[in-house]
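[1] any chance you could fold what I've pasted below:
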Amino acid sequence: MLVKLVEVYVINFCNTKKFYQYQLNYINLKHLNLQTKTKKEQNKKKMAIPFKISAHHTTLTITTTTILVLCLVCAAEQSTIHRPIRPFKSVYAFGDSYTDTGNTRSDTGPSGFMFVSNLPYGRTFFRRPTNRYSDGRLVIDFVAQALSLRFLPPYLDPTADKSSGVNFAVAGSTAIVHSFFVKNNMTQNITPQSIRTELDWFDKLLLEGKGCRDSVTTPEECARVFNDALIWAGEIGANDYAYSFRSSVPTKTIRELAINSVTSFLEALLKKGAKYVVVQGLPPTGCLTLSMYLAPSDDRDSFGCVGSVNNQSYAHNSALKAKLRLFRKQFPKSTIVYADYYNAYLNVIKNAEKYGIKNLYGVCCGYGNGTYNFDYFHACGSPSSTSCGNPNEYVNWDGVHLTEAMYKAVADLFLNGTTYMQPPFSYLLSKKRKSG
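    Here you go, the predicted structure:
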C-alpha cells in the first residue's frame with residue numbers, strides 16, 4: 001500500500017510545474033534517503049520537505065534528494081511513455097519533383113519551373129522556400145512524419161544529417177536515361193538525372209558509408225541497411241511523356257522504355273536485399289493544369305480532365321503493376337506495395353468538398369487569372385506571378401505540382417486506408433513488426 005501511494009505521488013508530482021523547479025534546485029544532490037522514520041528521527045532531518053504520506057500509522061519522509069531521484073525516474077518514465085514507436089530507422093526515397101525535397105534549386109530545376117527557391121514556394125508550412133515544388137509538405141514528408149522520422153534531407157546537401165534516411169529524388173528527372181532525349185532532340189529535358197542516376201547515388205552511399213555492395217558479397221552489411229529501412233519509390237515517368245510531347249517517338253515506345261528502366265531500378269534494389277518497398281504509380285496527369293492548358297477543350301474525360309493524357313498514365317500504371325506482381329513471386333521475402341496515386345487523386349476530386357477543396361483545375365500560384373490562372377511564361381515564383389489567399393482550397397499549386405493540402409489528402413489515403421495501397425500500408429507495417 002505504501003509503495004502504491006508513492007507511485008501515485010510520483011505521477012501527480014511529475015505532472016506539476018514543481019517537478020521542473022525541484023529538478024533544477026536539487027540537481028546536485030547525490031543520495032537517496034527514502035525510508036520510514038519515527039517522529040523523533042524525522043525532526044533531525046533539516047532538509048525534509050514539509051509533507052508526509054501515511055499508511056497504517058507508518059510515515060514516509062521524502063527528502064529533497066528523494067525528490068531529485070523521483071524527478072529523474074519520472075523524466076525517464078515520461079520519456080519512455082511519449083517516445084514514438086519507429087517501425088523503421090530510415091527511409092530512402094526516389095522519384096521526381098513530386099518527391100524532391102531539395103536536390104534542385106531555381107537554377108538547376110526543370111524548364112518552366114525555375115523559381116522554386118523563391119517565395120511563395122514553401123509558404124504554408126515552412127514559411128520559406130525549401131526547394132520543394134509546392135507551398136508546403138509533399139507526400140514523402142507526411143510519410144516521414146507518420147513514421148516519427150525527420151524530414152528526409154536531399155542527397156546533394158553535404159551538411160545534412162542522413163542518419164534516418166536520404167531523399168534521392170530529382171525534379172525533372174526521368175525513368176529513361178537522359179541521353180535518349182538528347183539523341184531524339186527532345187530539348188525540353190534539361191535535367192541530366194534519371195532514376196539510374198538516383199540509383200548510382202544510392203549505391204555510392206551504401207558502399208562508402210555502410211559497406212553494402214549486394215546481398216551476395218556483403219550480406220551482413222546489406223542486411224543492417226535494409227532490415228530497418230523503407231524504400232519509397234515515388235512516381236517517376238511523367239516527365240518522360242511530357243518531354244516527348246509532339247515528338248516523333250510513339251507513346252508506346254516511351255512507356256516500354258520507361259517501364260523497363262523502373263523495373264531495372266527496382267530489381268537492383270531487391271537484389272541488394274530491400275525488404276520493404278513502396279512503389280508509387282503515376283497520378284492522373286491529365287488533371288494537371290498544364291495538360292488542360294495545352295489540350296483542346298474537346299479532349300476531356302468524365303472527370304473534366306484531359307482524357308488522352310489520363311489514358312496514357314493509366315496504361316503506364318497497368319504495366320507497372322504487372323511487373324510488381326512478377327517481383328512478388330521472384331522476391332517472396334520482400335514486401336512490395338503499390339501506391340495507387342491515380343485513383344487516390346481521383347477520389348479527392350470526387351470528394352473535394354470533404355477535403356475543403358474548391359478549385360480542382362486552376363492554380364493557386366500563377367498569372368493572368370482566366371480559367372486556370374496559368375501562363376507558362378509567367379511561372380509561379382517569378383516577379384509577375386501572384387498566389388491565392390488560401391492554397392488549401394486548391395489541388396494544383398503551380399500548374400504541374402500540387403498543394404500541400406492535396407499531398408496530405410493523398411498521403412492520408414495511402415497510409416491510413418485499405419484501398420489505395422496494395423497491399424495496405426498496415427500490412428507492410430505488420431510484416432515489419434513480426435520480423436522484429
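[2] so where do the strands sit in the stretch 101-250 of the chain?
    Taking DSSP state E, counting those that start in this stretch as the criterion, the stretch 101-250 of the chain contains strands spanning 165-167, 229-233.
[3] which outside residues touch the last one?
    So the one you mean is strand 229-233. 88-95, 99, 140, 143, 147, 165, 262, 265-266, 269, 274-280 (Cβ atoms under 8 Å, 6 or more residues apart in numbering). C-beta here means a position set from N, CA and C on the backbone, and glycine is covered the same way.
[4] ok and whichever strand or helix holds Ala268 relative to strand 229-233, angle-wise?
    Under the criterion DSSP states H and E, the helix or strand holding Ala268 is helix 251-272. Here helix 251-272 runs at an angle of 170 degrees relative to strand 229-233 (axes from the mean of the first three to the mean of the last three Cα atoms, to 10 degrees).
[5] and helix 251-272, what's buried?
    Neighbour-count burial for helix 251-272, counted by 16 or more other Cβ atoms under 10 Å, picks out 251, 254-255, 257-259, 261-263, 265-266, 269-270, 272.
[6] so how many other residues sit close to the spatially closest residue to Lys333 that is not a sequence neighbour?
    Using Cβ to Cβ, 6 or more residues apart in numbering and skipping the chain neighbours, the partner closest in space to Lys333 is Lys275 (6.8 Å). Summarising burial for Lys275: neighbours were counted as other Cβ atoms under 10 Å, giving 22.
[7] again, but for Asn343
    The tally of other residues near Asn343 (other Cβ under 10 Å) stands at 17.
[8] again, but for the one 10 residues further on
    Neighbourhood size, Glu353 [other Cβ under 10 Å]: 8.
[9] can you check the pLDDT for it?
    According to the predicted model, the pLDDT of Glu353 comes to 96.
[10] and it, how far from Phe226?
    Glu353 sits 42 Å away from Phe226, going by Cβ to Cβ, to the nearest Å.
[11] over to Lys275?
    Taking Cβ to Cβ as the measure, Lys275 and Phe226 are separated by 5 Å.
[12] do Ile236 as well
    Summarising the geometry, the distance separating Ile236 from Phe226, computed by Cβ to Cβ, is 21 Å.
[13] and these two? Which one has more around it.
    When Ile236 and Phe226 are compared on other Cβ under 10 Å, the one with more neighbours turns out to be Ile236, at 29 against 24.
[14] the residue nearest to Lys333 and Val225 touch, don't they?
    No. Counting by Cβ atoms under 8 Å, Lys275 sits too far from Val225 to count as a contact (10.0 Å).
[15] centre-most residue in this protein?
    Centroid-nearest residue in the chain: Ile140, 2.0 Å away (criterion: Cα atoms, centre = their mean).
[16] quick one: the helices in the stretch 251-400 of the chain, in order.
    Using DSSP state H, counting those that start in this stretch, the helices of the stretch 251-400 of the chain run over residues 251-272, 289-294, 307-330, 341-350.
[17] the ones you listed: which one's closest to Val363?
    Minimum separation from Val363 across the helices of the stretch 251-400 of the chain (Cβ to Cβ) falls at helix 289-294, 5.1 Å.
[18] how about the nearest residue to Val249, chain neighbours excluded?
    The shortest distance from Val249 to any non-neighbouring residue, by Cβ to Cβ, 6+ apart, is to Asn184 (5.7 Å).
[19] and Leu72, what's its pLDDT?
    48.
[20] excluding chain neighbours, what is closest to Arg128?
    Nearest-residue entry for Arg128: Gly122, 5.3 Å, with adjacent residues in sequence omitted and distances by Cβ to Cβ, 6+ apart.
[21] how close does that neighbour sit to Thr101?
    Distance, Gly122 to Thr101, using Cβ to Cβ: 11 Å.
[22] look at these two and report which has more neighbours.
    Taking Gly122 and Thr101 together and counting by other Cβ under 10 Å, Thr101 has the greater number of neighbours (25 against 22).
[23] quick one: Gly368 and Phe377 touch, right?
    No. Look at Gly368 against Phe377 with Cβ under 8 Å: they stay out of range, at 9.9 Å.
[24] can you give me the helices in the stretch 51-200 of the chain?
    64-82, 139-146, 178-183, 195-205.
[25] mind telling me which of the ones you listed the model trusts least?
    Mean pLDDT, when computed for each of those, is lowest for helix 64-82, at a mean of 44.
[26] hang on, the earlier thing: surely the residue nearest to the centre of the chain is in contact with Ser97?
    No. Judged on Cβ under 8 Å, Ile140 makes no contact with Ser97 at a distance of 11.5 Å.
[27] list residues touching both of those two?
    Each of Ala169 lies in contact with both Ile140 and Ser97 under the rule Cβ under 8 Å, 6+ apart.
[28] any idea how far the residue nearest to Val249 is from Thr253?
    As it turns out, when the distance is counted by Cβ to Cβ, Asn184 lies 10 Å from Thr253.
[29] mind listing what's buried in stretch 305-315?
    Along stretch 305-315, these residues count as buried under the neighbour rule (16+ other Cβ under 10 Å): Cys305, Val306, Gly307, Val309, Asn310, Gln312, Ser313, Tyr314.
[30] thank you kindly, that will do.
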